[in-house]
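Colleague: need a structure here:
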Amino acid sequence: MDLTELRTEIDAVDRELIALLERRFDVSAAIADYKRAHGLAVLDAGREAAKLSAVRAQCRPETADLIAGLYGPIMAASRAFQTQRMEAHHAE
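Modeller: Just a heads-up that it's a prediction; the model follows:
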C-alpha cells in the first residue's frame, strides 16, 4: 500500500470510531437518565478503575498503555455529558 491508500484506510477507521463514540454517548445518556432517576452520582470510581483494567487486558501489550490512556479523556467526556444531561433534566 502507498501512503495515500494507508491514509484512506485511517479515514475509514476514523469514521468507524466516530460512529462508535456516538453510540457510546447514546448509552451514556441512558445511564445518566438511570442515575438521575435512582439518585446515583455520575462518578463511579470503582467502575472506571475496573473498566481501565479490562481495556488493558483486551489490548496487545504494546498498545495497552496507549489505548488505556485514551480512555481517561473518553470517560471524562462521558461524565461531563452525563452531568450536563442530568442538570438539563433537573432544570425542567
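Colleague: all helices in the protein, in order from the N-terminus.
Modeller: Counting by DSSP state H, the chain has these helices, from start to end: 3-37, 45-58, 64-91.
Colleague: So which of the ones you listed has the densest surroundings on average?
Modeller: Burial of those is given as mean neighbour count (mean count of other Cβ atoms under 10 Å); helix 64-91 ranks first at a mean of 14. Where C-beta positions appear, they are placed from N, C-alpha and C, glycine not excepted.
Colleague: for that one, packing partners?
Modeller: When contacts are defined as 3 or more Cβ pairs under 8 Å, 6 or more residues apart in numbering; DSSP states H and E, helix 64-91 sits against helix 3-37, helix 45-58.
Colleague: and residue 85, which of those helices is closest to it?
Modeller: helix 3-37 (4.2 Å; Cβ to Cβ).
Colleague: Which strands and helices lie in contact with that closest one?
Modeller: Using 3+ Cβ pairs under 8 Å, 6+ apart: helix 3-37 touches helix 64-91.
Colleague: what pLDDT, on average, does the helix it packs on get?
Modeller: In this model, helix 64-91 has a mean pLDDT of 93.
Colleague: Would you pull up how far it lies from the middle of the chain?
Modeller: 7 Å (Cα atoms, centre = their mean, to the nearest Å).
Colleague: what does stretch 40-51 give?
Modeller: In this view, stretch 40-51 has its centroid 13 Å away from the chain centroid, taken as Cα atoms, centre = their mean.
Colleague: now swap in stretch 41-54 and tell me
Modeller: Distance, centroid of stretch 41-54 to centroid of chain: 12 Å (Cα atoms, centre = their mean).
Colleague: No further queries at this time; thank you.
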